[in-house]
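In: Compute the structure for the input listed below.
(one chain, ligands or ions: 1)
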Amino acid sequence: MNALTMPARPRATPHEPGTPLVAVENVTLRYRTEKAKITATRNVSFSVNSGDRFVLLGPSGCGKSTLLKAVGGYLTPEEGRITVGGRQVKAPGADRMMVFQEFDQLLPWKTVLGNVMFPQLVTGKLSPKEAEAKARHYIEKVGLTRAIDNYPHMLSGGMKQRVSIARGMAMEPDVLLMDEPFAALDALTRRTCQDELLRLWDETRFTVLFVTHSIAEAIKIGNRILLLSPHPGRVKAEVEGVDDVSAADGSAARLEREIHDLLFADEPEDH
Ligand SMILES: Nc1ncnc2c1ncn2[C@@H]1O[C@H](COP(=O)(O)OP(=O)(O)OP(=O)(O)O)[C@@H](O)[C@H]1O
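Out: Predicted coordinates:
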């Protein structure tokens with residue numbers, strides 16, 4: 001599913017202060033294949049406040065991507081409900097932009113500028129002139145102004161991910177949905193991209209829902225972390241105040257160990 005195919009949708013109206021921006025309530029998500037029904041997540045609840053860097057963390061196959069897609073409106077919960085800005089999610093919308101792990105999210109025949117402008121033009125949200133100004137602004141924010149006229153094949157993996165982030169941010173969504181956006185990058189580039197995302201967040205305080213299976217990445221990116229059990233995913237715990245831990249005093253390493261123990265405590269399989 002490509003974020004670029006999203007239909008235009010009015011921005012969510014500002015929600016009541018004190019109420020969560022994203023509310024996931026008792027959500028069970030299932031896939032139906034020819035042979036079986038696969039429960040990806042069972043009875044999951046969490047809420048994301050405006051300005052949160054909320055991380056979904058859990059082992060491979062626990063349903064993190066499935067949950068993110070459901071918030072994106074690409075999957076409908078079999079039970080429970082999801083609201084964004086107080087409105088029930090029923091379809092994809094420009095208030096929820098997704099950034100994926102894969103590098104091939106960009107249109108190969110468009111330049112960096114063209115790619116970042118594209119969703120604005122498709123949704124008719126802005127005039128071409130306004131879309132260009134906004135795109136240039138966010139391209140500058142991700143440090144790609146010098147590559148603005150380049151085509152995707154001329155960019156490194158990290159640069160392509162930064163274009164995807166600029167494209168998502170340029171839509172100024174209520175929530176940016178990021179599905180392991182840095183997982184395919186080499187360790188050094190991954191760290192740089194994480195630092196850049198945090199710098200961007202410092203500047204604009206956008207809301208992000210971020211999926212990863214790396215405990216270290218979750219601690220670095222998130223201010224709140226939801227721990228999911230192995231398949232099918234259920235909530236194991238929520239960690240708040242992650243911003244307060246630091247590498248310097250060893251508290252980040254301690255938290256990493258605690259999360260590890262929580263995540264990998266033995267649990268019976270349940271289908
Ligand atoms: N299109 C699909 N059809 C059927 N089953 C699916 C489909 N997509 C995912 N699943 C199954 O749903 C479960 C959750 O998958 P999901 O990709 O959400 O997990 P994840 O936690 O994001 O894993 P990873 O970290 O490996 O990406 C898995 O058992 C997976 O095999």
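In: for the ligand, what are the nearby residues on the protein?
Out: Within the chain, the positions adjacent to the ligand are 31, 33, 38, 40, 58, 60-66, 213, 231 by C-beta under 6 Å from any ligand atom. Bear in mind the C-beta positions are built from the backbone N, C-alpha and C, glycine included.
In: Select, from the residues you listed, the two members most distant in space.
Out: Of all pairs drawn from these, the greatest distance, 23.1 Å, lies between 33 and 213 (C-beta to C-beta).
In: Have a look at those two and say which one is more surrounded.
Out: residue 213 (18 against 7; other C-beta atoms under 10 Å).
In: what about the helices in this protein?
Out: Secondary structure of the chain by DSSP state H: the helices cover 64-72, 112-123, 128-141, 157-170, 187-204, 215-221, 251-263.
In: Okay, angle between the fourth one and helix 187-204 too, please.
Out: Orientation check (axes from the mean of the first three to the mean of the last three C-alpha atoms, to 10 degrees): helix 157-170 against helix 187-204 gives 20 degrees.
In: quick check: angle from helix 157-170 to helix 112-123?
Out: Using the same axes, to 10 degrees: helix 157-170 against helix 112-123 is 30 degrees.
In: So what's the model's average confidence on helix 157-170?
Out: Mean per-residue pLDDT for helix 157-170: 91.
In: same for it, what does it pack against?
Out: Applying 3 or more C-beta pairs under 8 Å, 6 or more residues apart in numbering; DSSP states H and E, we find helix 157-170 packed against strand 96-99, helix 112-123, helix 128-141, strand 175-179, helix 187-204.
In: Over to the third one?
Out: On a contact count with 3+ C-beta pairs under 8 Å, 6+ apart, helix 128-141 meets helix 112-123, helix 157-170.
In: Out of those, which one sits most buried?
Out: Of all the helices and strands packed on helix 128-141, helix 157-170 carries the top mean neighbour count, a mean of 24, counting by mean count of other C-beta atoms under 10 Å.
In: separation between the residue located most distally from the centre of the chain and residue 78?
Out: Distance to the chain centre peaks in the chain at residue 35, reaching 30.8 Å (criterion: C-alpha atoms, centre = their mean). For residue 35, the distance to residue 78 equals 18 Å [C-beta to C-beta, to the nearest Å].
In: How about residue 127?
Out: Distance from residue 127 to residue 78, by C-beta to C-beta: 41 Å.
In: Of those two, which one has the most company?
Out: residue 78 (16 against 11).
In: Tell me the backbone dihedrals of the more buried one, please.
Out: Main-chain torsions, residue 78, degrees, to the nearest 10: phi -80, psi -30.
In: what's near enough to touch the closest residue to residue 252 other than its chain neighbours?
Out: Among residues not flanking residue 252 along the chain, residue 245 sits closest, at 4.5 Å (C-beta to C-beta, 6 or more residues apart in numbering). For residue 245, the contact set (C-beta atoms under 8 Å, 6 or more residues apart in numbering) comprises 219, 251, 252, 254, 255.
In: Who are the contact partners of residue 39?
Out: So residue 39 contacts 28, 29, 30, 232, 271 (C-beta under 8 Å, 6+ apart).
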